[in-house]
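Q: Provided below for reference: sequence and predicted model.
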Amino acid sequence: MAFQPVYIVDGARTPFLKARNAPGPFSASDLAVQSGRGLLMRQSFAPSELDEVILGCASPSPDEVNIGRVVALRMGCGNKVPAWTVMRNCASGMQAIDSAIANIQAGRAQLIMAGGCDALSHAPLLYNKAMVLWFTGMMQARSLGQKIGMFARLSPSAMLSPVIGIMKGLTDPMVGLLMGQTAENLAWKFGISREQMDEFSVRSHQLVVAGRAAGHYGEIVPLVDATGNVYSEDDGVRLDSNVPGLAKLKPFFDKKYGRVTPGNSSQITDGAAWLILASEAAVEKWKLQPLGKISDSQWAGLDPAQMGLGPVHAATPILQRHAWGLNDIDAWEINEAFAAQVLGCLAAWESDDYCREQLGLSSALGTLPQNRLNVDGGAVALGHPVGASGARIVLHLLHVLRARQARRGIASICIGGGLGGAMLVETLS
Amino acid sequence: MESTMNATTYRHWQLEIDADGIAWAKLNKFGESANSLSTEVMTELGLLLDQLDAKPPKGLVFRSGKPAGFIAGADIQEFTRLDMPEKGLELVTRGWNLFNRLAAVRYPTLALVRGHCLGGGLELALACRYLLAVDEPGTKMGLPEVMLGIFPGWGGMLRLPERVGPQAALDMMLTGKSIDAKRAKHMGLADECVPPRVMESAARMLVVSNSPRRTLPLLQRLLNGPLKALVASGARKQVGKRARPEHYPAPYAIIEIWAKHNGNALAAPRLIDGIVRSNTARNLVRVFFMQERLKGFGKESDFKAGRVHVVGAGVMGGDIAAWCALRGLTVTLQDQGMERIAPALKRAYTAYGKRIRDRLQLREVMDRLIPDPEGHGAARADVVIEAIYENLEAKHALLKKLEAVMKADAVLATNTSSLKLEDLRTVLVNPARLVGIHFFNPVSKMPLVEVVSAEGGDAEMARRAAAFVKQIDRLPLPVRSAPGFLVNAVLGPYMLEAMRAVDEGIAPETVDEAMLAFGMPMGPIELVDMVGLDVAMAAGKGLAGANVEPPKCLVERFNAGNLGKKTGKGFYDHASGKPAKGTAGTVPPGLAERLVKPLLERTQQLVDDGVVADADLADAGVIFGTGFAPFSGGPLNYIKNQRA
């Protein structure tokens, strides 16, 4: 069955705020609410006219597990607009869009607000198992003597070594690798050097700075905190990023001998991004002027230890369906989880072996021109608020296409656990 | 309900005995939306108790038959008919005896308090053995009699101190402030605080529980017994800071009746007459009715706003927007850039952070207050308020833009205080739609809002504006477009005269003291510092006329850049946040009369000119807009009483 296009009416995001070793000024729902209400405010329909709200979030806090519903109510959508939360790790935001597409295509909804958010700086510290068992014992202790006995058994080392929630989240549960270690795998596999990664990272920062100056970041809705501070730009971007500077950083994931450093990885960040999606009927009903449309989407699975190649596996079937080469796409957004991982994707497409063995092609797909890739920079500079990134790249890609008066682009993202997601986005002619 | 139930219906009360033998007395005052304890309601309550005496129930529960509120208090209309000393005495006697009788019945009693329970309503509840408070935002308990210049003479002065201790009780009775259900439980006023879903079941269980009332801690019992004199003298000192006995005798009487007569006003009949029929009480009751009349202006249209758009995030615009969000409206706040809007959001966070204890509720309010640098909100707003700086060209450009995107039936309002509606509206396609909605600073404290109409204006828009003002719990006062409208127009000449007095060599402190003694909430010189000397300069030119020489003391400070509180220095030093005042000198005789005279004359003038419709409204406007000595009943009432 042909893919029935779904219109992107509008979109917005928060500035991405780098985690600075303490909970940031905004919770995940604060981020989604402030950007979402700013987006809703400029629509021709009321928030209550939405058919549903879908929000991707990889780590909602325990008090807002269905964060989508919390946010919809806080944005003033009213009790009657259903809302839910989706989770597909780094692609949670893209999953929200895909779920919206599915419901619109099935005729179950006409107008949906979909996006993603995460406040990674708010990731919790968890008690380790020894402490959990101690608390259980304490609750069962009845007499004073028993309670005193429990305290005697309290181990300071168990008490003082909490599990860092975010480290759990960034570790593959099947192969036990940190995400950065899967990026090291790709660097090893394709012979990507530390210098190449650092150069790619400098490129990312420089392109964001240039994009900012050219006014390519109009998608940002500034945030205001309770003390009146305004946050209007992605604050992890370095104006002075350079290769010698990055060369000084130590490998983080494979200590000492590895190549992946915090400087050539995406930053741990808080942020939210939204799209408003509509059926053709809704576009007519509300006299909307869409920015563009989504014409195809694809999910793919691969070895969790090579999860960074997810975009290769997800984008290739889209190209195949339309009989396009890498060159036929005007602009690409490949989420920069790690510099090594994006470079790994490019290398995989250039590799006869990889394309034959893993994608079932007869030979290499070719070279993706760098002047079409992440033209305004990416997550290495902007940060990667996990749930938000998938929605951000789809939205930004559309802005890139419109700015270049180009036709079509693919936004793709790698996903922890060995998955990839991709969406084909087109402007309206 | 159970079929075994038997019921008796009175005109205002309904008495039902349920299958468990519990009597439910439901008050549903005939022909009124809220319950009040009129003579008839009280008489019927007596009959109801007679009926129960004949066949005592297992327990008696009082509840309200109204959707909103338990009992609002006594019937204030009846206060206006106390033309002879005997009538005041009779009013007190009736309630005192009836509630004593209720307190003494042999079966257990309970008041199921949901919604407001004020004055006589709380005195009824206090006479019951148990008080069950329903945990809802609308549940408020208090003894606000003092605000009407009277005292809670139906047992409140006796029973509230017994229940919560004398200090907490005096605090409630002397300030008139009310408390919510949780607080009532915490301080021991309520025995339980429960959500509505279990209130009937809780009432049923509690009334027959036979559980003893919480006894006061020893210290509180001592303070309410042998140490009464100590508490009374402390309370007198506290009251002395806020109200002078010659202006407000009631709080002093409350302290005395509690301390010397164990809360029984009947033991001091002379005090009763001195209070109940005092000028202060009569004037305050009149003010109460004027307030109801102002509210009435908000009921002339069914208009209900859902979204408000405010342009200009300065102190006024920002506070108006924040206030609307607090009152449940969704508000978009526009200014040039987020940096200009952020301070307004910060102010709201700070102010409401203190005011709202519940973090979720605070978050809800702040979620409704949406910064809107590009002004998208105007298109879907029901009310648009312009509150940018006072410049005709800037306002013209803005109003034109707003009108182009606004809904046709939305209210378009300006908060201007110095520009004429007639000049502002010339750029509109439909000039008749522009109204003035003029707030006072600080928005959250000043109850009055002037709703300004110009000649040829759309009357329906003015009605909608008034309805909107009422919706956000402010008092709308319709005024005609004229320089300074009512409030600023009467304040101008008054502040001018005060500054003339300073020019003559009278210390600012002495000038202020004269007016504080008169009963103003703030001296006129301090008021100049608050509004700003620049504003006073500009307003002076506009209001007094260009050919009038401004006071020297104003010009000197203005030229030195000392503009009042906002610059830290004006007539007083405000470095500490409060004006640093020296000791006032002896007030020259007749100074207050001289200073207030221009205000009185101007008020009369404005009524004569039709800026405000009648004398009562002028009095109400000046009281609620300036704080003009409420016990005097307003400027025109003051003139009338002076003549009498």
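A: Right, received. Where do you want to start?

Q: and the residue lying closest to residue B:187 once chain neighbours are set aside, how far is that from chain A?
A: Excluding its sequence neighbours, the residue lying closest to residue B:187 (Cβ to Cβ, 6 or more residues apart in numbering or on different chains) is residue B:164, at 5.0 Å. The C-beta positions use only the backbone N, C-alpha and C, and glycine is treated the same way. Distance of residue B:164 to chain A, computed by Cβ to the nearest Cβ, to the nearest Å: 35 Å.

Q: now residue B:297
A: 29 Å.

Q: show me the contacts for that residue.
A: Contacts for residue B:297 (Cβ atoms under 8 Å, 6 or more residues apart in numbering or on different chains) come out as B:451, B:463, B:466, B:470, B:476-478.

Q: same thing but 10 Å
A: By Cβ atoms under 10 Å, 6 or more residues apart in numbering or on different chains, the contact list for residue B:297 reads B:451, B:462-463, B:465-467, B:469-470, B:475-478, B:617.

Q: Please pick the buried ones from these.
A: B:451, B:462-463, B:465-467, B:469-470, B:475-478, B:617 (16 or more other Cβ atoms under 10 Å in any protein chain shown).

Q: these two touch, right, the residue nearest to residue B:187 and residue B:216?
A: Yes. Between residue B:164 and residue B:216 there is a contact under Cβ atoms under 10 Å: 8.1 Å.

Q: How many residues are close by the residue in chain A that chain B sits nearest to?
A: Residue nearest to chain B within chain A: residue A:228 (2.9 Å; Cβ to the nearest Cβ). Using other Cβ atoms under 10 Å in any protein chain shown, residue A:228 is surrounded by 17 other residues.

Q: Same question for the one 10 residues further on.
A: Using other Cβ under 10 Å, residue A:238 has 17 other residues around it.

Q: Setting aside sequence neighbours, what's the nearest residue to it?
A: residue A:205 is the one closest to residue A:238 (Cβ to Cβ, 6+ apart), at 5.2 Å.

Q: so where does that neighbour fall, helix or strand?
A: helix A:194-213 (DSSP states H and E).

Q: buried ones in that helix?
A: A:194, A:196-209, A:211-212.

Q: After that helix, which helix or strand is next?
A: strand A:223-224.

Q: Tell me how far the closest residue to residue A:315 other than its chain neighbours lies from residue A:300.
A: With Cβ to Cβ, 6+ apart as the criterion, residue A:315 has its nearest non-adjacent residue at 4.2 Å, and that residue is residue A:422. Separation of residue A:422 from residue A:300 (Cβ to Cβ, to the nearest Å): 8 Å.

Q: Can you pull the residues that touch both of those two?
A: A:310-317, A:412.

Q: Residue B:164 and residue B:216: which has the busier surroundings?
A: residue B:164 (24 against 19).

Q: confidence score at that one?
A: Note on residue B:164: pLDDT of 96.

Q: Could you pull out the buried residues of stretch B:637-644?
A: Quick answer for stretch B:637-644 (16+ other Cβ under 10 Å): B:637-639.

Q: Stretch B:498-508 now?
A: With the criterion 16+ other Cβ under 10 Å, stretch B:498-508 contains buried residues B:498-502, B:506-508.

Q: just stretch B:189-204 next, same as before
A: Here stretch B:189-204 shows B:189-194, B:199-200, B:202-204 as buried, counting by 16+ other Cβ under 10 Å.

Q: now stretch A:254-273
A: Those would be A:254, A:258-261, A:263-273, for stretch A:254-273 by 16+ other Cβ under 10 Å.

Q: so where is the chain shaky, pLDDT-wise?
A: Using chain A. Low-confidence segments of chain A (pLDDT under 70): A:1.

Q: Chain B was what I was after
A: B:1-5, B:541-546.

Q: Just say helix, strand or coil for the closest residue to chain A within it.
A: In chain B, the residue that lies nearest chain A is residue B:346 (2.9 Å; Cβ to the nearest Cβ). Following DSSP: H, G, I helix; E, B strand; the rest coil, we place residue B:346 in the helix state.

Q: Please name the residues that touch the residue lying closest to it once chain neighbours are set aside.
A: Closest residue to residue B:346 apart from its sequence neighbours, by Cβ to Cβ, 6+ apart: residue A:228 at 2.9 Å. Neighbouring residues of residue A:228 by Cβ under 10 Å, 6+ apart: B:339, B:341-350.

Q: who in chain A is up against chain B?
A: A:27, A:29-30, A:33-34, A:37-47, A:71, A:73-76, A:221-232 (Cβ under 10 Å from any Cβ of the partner chain).

Q: Keep only those of those that are in strands.
A: A:223-224, A:230-231 (DSSP state E).

Q: Just want the most central residue of chain B.
A: Central residue of chain B (Cα atoms, centre = their mean): residue B:447, 6.8 Å from the mean position.

Q: residue ranges for the helices of the stretch 201-350 of chain A, please.
A: A:243-247, A:280-285, A:310-322, A:339-350 (DSSP state H, counting those that start in this stretch).

Q: From the contact counts, what lies against the strand or helix carrying residue B:352?
A: Under the criterion of DSSP H and E, residue B:352 resides in helix B:338-355. Judged by 3 or more Cβ pairs under 10 Å, 6 or more residues apart in numbering or on different chains; DSSP states H and E, helix B:338-355 is in contact with strand A:223-224, strand A:230-231, helix B:315-326, strand B:330-334, helix B:359-368, strand B:369-371.

Q: tell me which residues of that helix are tucked away?
A: Buried, per 16+ other Cβ under 10 Å, within helix B:338-355: B:338, B:340-349, B:351-352.

Q: How about stretch A:229-242?
A: A:230-234, A:236-238, A:241.

Q: where's whichever strand or helix holds residue B:26 relative to the chain centroid, distance-wise?
A: According to DSSP H and E, residue B:26 maps onto strand B:22-27. How far strand B:22-27 lies from its chain's middle: 32 Å, per Cα atoms, centre = their mean, to the nearest Å.

Q: What are the structural domain limits within chain B?
A: Listed by automatic domain parsing, the domain ranges of chain B are B:6-277, B:304-481, B:488-643.

Q: out of these, nearest to residue A:398?
A: domain B:304-481 (19.9 Å; Cβ to Cβ).

Q: what's the neighbour count on residue 176?
A: In the absence of a named chain, this looks at chain A. So residue A:176, with other Cβ under 10 Å, has 10 neighbours.

Q: let's do chain B instead
A: That count, for residue B:176 with other Cβ under 10 Å as the rule, works out to 18.
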